[in-house]
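A.B. asks: okay, here's the prediction I keep looking at, along with the sequence it came from:
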Amino acid sequence: MEKIKAVRGTKDILPHEVNKWQFLENKAREIFSLYGYKEIRTPIFEEISLFVRGIGQGTDIVRKEMYVFDDRKGRKLCLRPEGTAGVMRAFLEHNLADNSITKLFYTGPMFRYERPQAGRYRQHTQIGVEAIGSAEPSLDAEVISLVYNYFILAGLENIQVELNSVGCEKCRGKYKDILKEALAKNVTAFCPDCQERFNLNVLRMFDCKIPECQNFLNEAPKITDAICPDCQAHLAEVKAHLDLLKINYKMNPRLVRGLDYYTRTTFEIIFSSLGSQNAIAAGGRYDKLIHELGGDEIPGIGFAMGVERIVLALDSIGKKWPEMSSLEVYNIAVGSQKAYEYLFELTNKFRQSGISCEIDHRQRSLKSQLKTADKLKAKRVIILGDQELEKGIVLLRSMNTGVQREIKFEELFDLVKKEVLP
Ligand SMILES: [Zn+2]
Ligand SMILES: [Zn+2]
């Protein structure tokens with residue numbers, strides 16, 4: 001029969017590499033908690049209307065990248081393409097607002113029907129944070145410093161913060177008009193997608209990944225020259241606070257891309273050696289989103305990062321990932337059933353005491369069992385044959401030094417326990 005393969009654009013994370021994902025997730029838990037973030041886990045599917053309202057009708061995500069399906073009762077559902085909308089839905093549904101800033105983080109799979117390439121999968125892992133309840137620019141700087149420090153502490157130092165402001169509902173419309181007027185005479189020179197975006201929502205043209213379109217847009221008027229004085233002042237304060245934290249940033253006027261719900265601050269973290277997929281984290285302020293979803297006018301800011309891309313980035317600089325937990329004891333029985341039963345029970349006893357231990361269930365030859373112990377990177381093996389059984393001893397061999405000792409049955413357990421858990 002023909003073998004079934006993983007669906008195009010999906011990736012198995014195999015046992016020999018899963019330590020990378022675990023490392024990045026654990027690091028996130030460790031660092032985010034220093035800033036007061038609490039984990040939230042929302043479902044991976046939601047009503048489609050959540051994303052249409054939250055992300056925006058005109059975005060590429062909603063137009064062509066969502067995995068949409070009807071359930072058995074005909075409900076229109078969708079695999080989440082990003083994490084923010086679901087967190088905001090939960091924030092509203094469970095009244096998580098309090099007097100201080102509500103700080104939430106999530107990690108998990110997101111789904112987008114995009115063309116697969118290196119570091120981009122149709123199911124990919126994201127880690128993100130949301131800080132809800134304040135429009136203060138110092139919070140923007142704190143959130144940017146959080147993602148920045150995360151990368152430094154994860155071992156990725158050669159990164160660049162890119163910053164922009166997309167203005168507010170009052171001034172963005174004016175910028176759209178300026179941009180439309182500037183692009184109108186050349187609009188046929190853009191790709192067909194961009195021509196459609198020009199009519200739907202001209203800002204979405206900045207999403208285009210085609211170099212020719214990007215070149216045209218480099219010449220376009222900058223949004224930061226068009227935003228209102230309040231938005232200017234907000235941006236200036238964000239910058240001042242980043243300076244205070246000594247975080248280098250570069251203004252990128254093309255950082256208008258992304259989702260409709262962004263207001264004012266947008267930012268990306270760039271690791272340039274990754275080529276075209278060089279953004280490893282992206283975020284921004286979304287002061288209108290919660291209102292859009294039926295709540296009060298509650299401002300917020302957040303970011304998300306793509307774990308698969310961060311793995312690529314760290315691999316590219318030769319990151320030494322933490323070792324998989326190694327095996328403390330490998331038990332080898334050779335000869336009679338009685339020797340095997342003795343070690344079978346001992347294996348259980350070690351595990352109950354918190355000591356990792358393994359035994360060969362097939363009772364193969366000494367040579368093949370030693371080979372397996374080696375492959376499993378066992379620190380020590382215990383060998384028990386009929387001769388040893390008769391004398392009431394085992395052979396305890398250190399796999400690092402090769403030194404082998406004879407140990408009496410009654411002393412064995414405590415001796416190993418003392419070595420492993422001093
Ligand atoms: Zn404004
Ligand atoms: Zn284009």
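C.D. replies: Good, I have the coordinates. Ligands and ions are numbered 1, 2, ... in the order given.
A.B. asks: how many residues are close by Phe310?
C.D. replies: Careful, residue 310 is Ile; it's not Phe. Ile310 is flanked by 27 other residues according to other Cβ atoms under 10 Å. C-betas here are computed from N, CA, C, even on glycine.
A.B. asks: double-check that it belongs to a helix.
C.D. replies: Yes: counting by DSSP: H, G, I helix; E, B strand; the rest coil, Ile310 falls inside a helix.
A.B. asks: near ligand 2, which residues of this protein?
C.D. replies: With Cβ under 5 Å from the ion as the criterion, the chain comes near ligand 2 at residues 191, 194, 208, 210, 213.
A.B. asks: now that we have those residues, which one has the most neighbours?
C.D. replies: Neighbour tally across these (other Cβ under 10 Å): the maximum, 22 neighbours, falls on Cys194.
A.B. asks: residues of the helix or strand containing that one that come out buried?
C.D. replies: According to DSSP states H and E, Cys194 maps onto helix 192-200. Within helix 192-200, the residues scored as buried using 16 or more other Cβ atoms under 10 Å are 193-194, 197-198.
A.B. asks: pLDDT averaged over the helix or strand just after that helix, what's the number?
C.D. replies: Next helix or strand after helix 192-200 toward the C-terminus (DSSP H and E): helix 211-218. With pLDDT averaged residue by residue, helix 211-218 scores 88.
A.B. asks: what ranges does the stretch 201-350 of the chain have for its helices?
C.D. replies: 211-218, 229-244, 289-292, 307-316, 337-352 (DSSP state H, counting those that start in this stretch).
A.B. asks: quick one: closest of those to Tyr175.
C.D. replies: helix 229-244 (10.2 Å; Cβ to Cβ).
A.B. asks: buried ones in that closest one?
C.D. replies: Counting neighbours by 16+ other Cβ under 10 Å, helix 229-244 gives 231, 234-235, 238-239, 241-242 as buried.
A.B. asks: dump the residues you listed to CSV, plus pLDDT.
C.D. replies: Compiled in CSV, the buried residues of helix 229-244 are given as follows (pLDDT from 0 to 100):
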residue, pLDDT
Cys231, 96
His234, 98
Leu235, 98
Val238, 98
Lys239, 98
His241, 98
Leu242, 98
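A.B. asks: okay, angle between the helix holding Cys194 and helix 211-218 too, please.
C.D. replies: 40 degrees (axes from the mean of the first three to the mean of the last three Cα atoms, to 10 degrees).
A.B. asks: so what touches helix 192-200?
C.D. replies: Contacts with helix 192-200, where a contact means Cβ atoms under 8 Å, 6 or more residues apart in numbering, come from 58, 180, 183, 187-188, 190, 204-205, 207-208, 210, 213.
A.B. asks: of those residues - the most surrounded one?
C.D. replies: The member of the contacts of helix 192-200 that has the most neighbours, counting by other Cβ under 10 Å, is Met205 with 28 neighbours.
A.B. asks: start to end distance for stretch 374-393?
C.D. replies: Counting by Cα to Cα, to the nearest Å, you get 23 Å between the two ends of stretch 374-393.
A.B. asks: centre of the chain to that stretch, how far?
C.D. replies: Averaging C-alpha positions (Cα atoms, centre = their mean, to the nearest Å) puts stretch 374-393 43 Å from its chain's average.
A.B. asks: how about stretch 239-246?
C.D. replies: Centroid separation for stretch 239-246 versus its chain: 26 Å, with Cα atoms, centre = their mean.
A.B. asks: need the contact partners of that stretch.
C.D. replies: Outside stretch 239-246, the residues that touch it by Cβ under 8 Å, 6+ apart are 137-138, 140-142, 144-145, 161, 163, 249.
A.B. asks: what of stretch 218-236?
C.D. replies: Under Cβ under 8 Å, 6+ apart, the answer for stretch 218-236 is 135, 137, 164-168, 170-172, 174-175, 178-179, 182-183, 251, 253-254, 256, 264-265.
A.B. asks: make a markdown table out of the buried residues of helix 229-244 and add distance to ligand 1.
C.D. replies: Listed next are these as a markdown table, based on distance: Cβ to the ion, whole Å:
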| residue | distance to ligand 1 |
| --- | --- |
| Cys231 | 3 |
| His234 | 8 |
| Leu235 | 10 |
| Val238 | 14 |
| Lys239 | 16 |
| His241 | 19 |
| Leu242 | 20 |
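A.B. asks: between those residues, which is nearest Ala118?
C.D. replies: Distance to Ala118 across the buried residues of helix 229-244 (Cβ to Cβ) is lowest for Leu242, with 30.8 Å.
A.B. asks: so how far is ligand 2 from that closest one?
C.D. replies: 31 Å (Cβ to the ion, to the nearest Å).
A.B. asks: and the two most separated of the residues of the chain next to ligand 2?
C.D. replies: Pairwise distances across the residues of the chain next to ligand 2 peak at 7.7 Å for Cys194 and Ile210 (criterion: Cβ to Cβ).
A.B. asks: moving C-terminal from the lowest-mean-pLDDT helix or strand in the chain, which element do we reach first?
C.D. replies: Sorted by mean pLDDT, DSSP states H and E, the helices and strands of the chain end with helix 60, the least confident at a mean of 79. For helix 60, the succeeding helix or strand toward the C-terminus, using DSSP H and E, is strand 67-70.
A.B. asks: hmm, who's touching that next one?
C.D. replies: 48, 76-79, 81, 111-113.
A.B. asks: now do stretch 335-349
C.D. replies: Outside stretch 335-349, the residues within contact range by Cβ under 8 Å, 6+ apart are 329, 331-333, 357-359, 363, 382, 384-386, 388-389, 412-413.
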